[in-house]
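K.L.:
please find the sequence and the predicted model below.
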Amino acid sequence: MNKHWLFVIIGGVVEVVWVSGLKHADHIWEWLITLVAIITSFILLIEATKKLPIGTVYAVFTGLGTAGTVIAEMLLFGEPFRWSKTILILLLLSGVIGLKMVTAEGSSTDETEAKN
């Protein structure tokens, strides 16, 4: 795995932090953590799109963030477990993994350089 895919994965995980923070933050330090997480996740997203196709990066980023947020809500914040959610998360994650597997690394940069 190259560092740009690592940026996408870490950015998706950090997205879970800020999405949960938007819902659950009550104190100034919680809002500051949320703000830092927002900035961090988008910096990682921007860096990843410099070498990977933006459509794939965005789909993987939001897919990981969505699945992670649903799981975090169930594990940390008492959201009730439902099989339907679990099956849909697994379906979403299979699509995310599939996109990563079929995406050629560096394809967005190669296309841009070929046009110039």
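P.N.:
Yes, it's here. Numbers count the residues shown, from 1 in each chain.

K.L.:
who touches Gly95 in this structure?
P.N.:
Ala59, Gly63 (C-beta atoms under 8 Å, 6 or more residues apart in numbering). The C-beta positions use only the backbone N, C-alpha and C, and glycine is treated the same way.

K.L.:
output the below-cut-off pLDDT ranges for this protein.
P.N.:
Scanning the chain with the threshold set as pLDDT under 70 gives 1, 104-116.

K.L.:
which parts of it are helices?
P.N.:
Assigned by DSSP state H, the chain shows helices spanning 3-24, 28-48, 54-76, 83-102, 107-115.

K.L.:
so which bits of the first one are buried?
P.N.:
Of the residues in helix 3-24, those buried by neighbour count under the rule 16 or more other C-beta atoms under 10 Å are 4-5, 7-9, 11-21.

K.L.:
for the fourth one, same thing?
P.N.:
Of the residues in helix 83-102, those with enough neighbours to count as buried (16+ other C-beta under 10 Å) are Lys85, Ile89, Leu92, Val96, Leu99, Lys100.

K.L.:
quick revisit: from the buried residues of helix 3-24, which is closest to Ile33?
P.N.:
Closest approach to Ile33 among the buried residues of helix 3-24 (C-beta to C-beta): Gly21, at 6.1 Å.

K.L.:
neighbours around the residue lying closest to that closest one once chain neighbours are set aside, how many?
P.N.:
Computed as C-beta to C-beta, 6 or more residues apart in numbering, the closest residue to Gly21 that is not its neighbour in sequence is Thr34, at 3.1 Å. Thr34 is flanked by 19 other residues according to other C-beta atoms under 10 Å.
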